[in-house]
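Q: Any chance you can model this:
(chains A and B)
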There are 2 protein chains.
Amino acid sequence: MTAELFRRYGYTGTGLKQIVTAASAPFGSIYHHFPGGKEQLGEAVIRRSGQMYLELFETIFDAAPDALTGVDDFFAGAAEVLRQTDYVDACPIATIALEVASSNETLRVATADVFESWIAGAAPRLARAGLDAATARELAIFLVAALEGAFVLCRAAKSTEAMEAAGRRVHEVLVAALAGPEPR
Amino acid sequence: MTAELFRRYGYTGTGLKQIVTAASAPFGSIYHHFPGGKEQLGEAVIRRSGQMYLELFETIFDAAPDALTGVDDFFAGAAEVLRQTDYVDACPIATIALEVASSNETLRVATADVFESWIAGAAPRLARAGLDAATARELAIFLVAALEGAFVLCRAAKSTEAMEAAGRRVHEVLVAALAGPEPR
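A: Next comes the predicted model:
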């Protein structure tokens, strides 16, 4: 529920009062569970959401018959969620990452850890599909970057055009990488 | 200066007082110039920053001997600025776009207009390099998405690895598109 508020209003724009109201909890309870206040709560939300999204990626990817289909399914799923939620439900990590990168070191590190866990989740799956470890890591980073950038453009434009464009080009890059270096 | 505050703390995290202090202006003057208050000021900053970045892209791109070099120079320049500013100076539009996409329609539309102006600036340049209009537009969207996503990852990790990965893959996609559809 707090993750939903952060996703919708950002970290800075979400007040502790709002969080407590949404959770139907007494105000003091937040300091009972999170003595570090909003920052500690923010860190917990970032790490828990990051873990959930990692598991979602792994589930979609591992259910697909091959790596290419897995990537396609993931981008198609992201576009579908954007449409279904009127472009509210995108990545909750990116908003906080951009807000706090230069102002809150604890939360910056939490967002960096989450992105790294996604890269570390995707890379071995791409390696198993036939890429060497260095290429697999670079493509995993590229995949996450393309997805995150597409979320930014899609939410701004209220259109899935950027997610579709990104998905097609990530697909193309993966096809080329799996085919290996070409002699031309 | 206001753009710098938004870039560093986000739109929500920047108070009018901070803006006025940074500008060494009397508090009332902000409502003289921007009777719509922070929202109107925010919109002006988004549109003006967007225009500046568009001109920067056009300058770098048009100074390059060809489209591929232009794209390479742009990604290399983005990585260099991130390093030089300790990862503070990235895209000011993306942070605001994610913060306000679901909560402030005026500012959402302003960020969407800026991204569209960048796509509209890049597409004809890619078309002139030899792509059909539809492919040029899709690659322009992909280029902006890859850049924005790389900014998110780079700021979080305080590393330019994602910008370098994105730049190499956008380069590769552009090479393949310029070579035309392959018979394999």
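Q: mind checking how far stretch A:160-180 is from the chain centre?
A: Put simply, stretch A:160-180 sits 18 Å off its chain's centre (Cα atoms, centre = their mean, to the nearest Å).
Q: any chance you could map the helices in chain A?
A: Along chain A, the stretches classed as helices by DSSP state H are A:2-9, A:16-22, A:27-33, A:37-63, A:67-84, A:92-100, A:105-128, A:133-157, A:161-179.
Q: average pLDDT across the first one?
A: Right, helix A:2-9. Averaged across helix A:2-9, the pLDDT comes to 77.
Q: That one - contacts with which helices or strands?
A: helix A:16-22, helix A:37-63, helix A:92-100 (3 or more Cβ pairs under 8 Å, 6 or more residues apart in numbering or on different chains; DSSP states H and E). (Each C-beta comes from the backbone N, C-alpha and C, glycine too.)
Q: Next: the fourth one.
A: Under the contact criterion of 3+ Cβ pairs under 8 Å, 6+ apart, the helices and strands touching helix A:37-63 comprise helix A:2-9, helix A:16-22, helix A:27-33, helix A:67-84, helix A:92-100, helix A:105-128.
Q: per-residue confidence for the residue in chain A that chain B sits nearest to?
A: Nearest residue of chain A to chain B, counting by Cβ to the nearest Cβ: A:Gly149, 2.9 Å away. In this model, A:Gly149 is scored at 97, pLDDT.
Q: Wait, it touches B:Ala150, no?
A: Yes. A:Gly149 is within contact range of B:Ala150, at 7.1 Å (criterion: Cβ atoms under 8 Å).
Q: which of these two has more neighbours?
A: Of the pair A:Gly149 and B:Ala150, B:Ala150 is the one with more neighbours under other Cβ atoms under 10 Å in any protein chain shown, namely 33 against 30.
Q: got the contact list for the more buried one?
A: A:Ala145, A:Gly149, B:Phe75, B:Ala78, B:Ala162, B:Met163, B:Ala165, B:Ala166, B:Gly167 (Cβ atoms under 8 Å, 6 or more residues apart in numbering or on different chains).
Q: again with A:Ala90
A: Residues counted as contacts of A:Ala90 (Cβ under 8 Å, 6+ apart) are A:Arg7, A:Ala78, A:Val81, A:Leu82, A:Phe151, A:Cys154, A:Arg155, B:Leu98.
Q: pLDDT weak spots in chain A?
A: By pLDDT under 70, the weakly predicted segments of chain A are A:1, A:181-184.
Q: Dihedrals phi and psi, the spatially most central residue of chain A?
A: Centroid-nearest residue in chain A: A:Cys91, 4.7 Å away (criterion: Cα atoms, centre = their mean). Here is the backbone geometry of A:Cys91 (degrees, to the nearest 10): phi -80, psi 120.
Q: one step back: ranking the helices and strands packed on helix A:37-63 by burial, who's on top?
A: Comparing the helices and strands packed on helix A:37-63 by mean neighbour count (mean count of other Cβ atoms under 10 Å in any protein chain shown), helix A:92-100 ranks first with a mean of 29.
Q: And the contacts of that helix?
A: By Cβ under 8 Å, 6+ apart, the list of residues contacting helix A:92-100 reads A:3, A:6-7, A:10-12, A:42, A:45-46, A:49-50, A:53, A:107-108, A:111-112, A:114-115, A:148, A:151-152, B:9-10, B:12-13, B:90, B:94-95, B:98-99, B:151-152, B:155-156.
Q: And stretch A:14-28, by the same measure?
A: A:Met1, A:Thr2, A:Glu4, A:Leu5, A:Phe6, A:Tyr9, A:Ser29, A:Ile30, A:Gly37, A:Lys38, A:Leu41.
Q: re the thing from before, apart from its neighbours in sequence, what residue is nearest the residue of chain A closest to chain B?
A: Take A:Gly149 and drop its neighbours on the chain: the residue closest to it by Cβ to Cβ, 6 or more residues apart in numbering or on different chains is B:Gly149, 2.9 Å away.
Q: Could you do A:Val114 as well?
A: A:Gly50 (3.1 Å).
Q: re earlier: closest to A:Ala140 out of the helices and strands packed on helix A:2-9?
A: helix A:37-63 (10.4 Å; Cβ to Cβ).
Q: buried stuff in the closest one?
A: A:38, A:41-47, A:49-50, A:53-54, A:57, A:60-61 (16 or more other Cβ atoms under 10 Å in any protein chain shown).
Q: what's the offset of it from the middle of its chain?
A: 8 Å.
Q: got the angle between that helix and helix A:2-9?
A: Interaxial angle, helix A:37-63 versus helix A:2-9 (axes from the mean of the first three to the mean of the last three Cα atoms, to 10 degrees): 100 degrees.
Q: A:Gly70: what's it in contact with?
A: Going by Cβ under 8 Å, 6+ apart, A:Gly70 touches A:Ile60, A:Phe61, A:Asp62, A:Ala63, A:Ala64, A:Arg125.
Q: 7 Å - rerun?
A: A:Ile60, A:Phe61, A:Ala64 (Cβ atoms under 7 Å, 6 or more residues apart in numbering or on different chains).
Q: And for A:Val88?
A: A:Arg7, A:Arg8, B:Ser102.
Q: Ramachandran coordinates for it?
A: The phi/psi pair for A:Val88 (degrees, to the nearest 10) is phi -90, psi -50.
Q: rewinding a little: with the contacts of A:Ala90 in mind, which one is nearest to A:Ala177?
A: A:Ala78 (21.1 Å).
Q: show me the contacts for that closest one.
A: With Cβ under 7 Å, 6+ apart, A:Ala78 has these contacts: A:Leu147, A:Met163.
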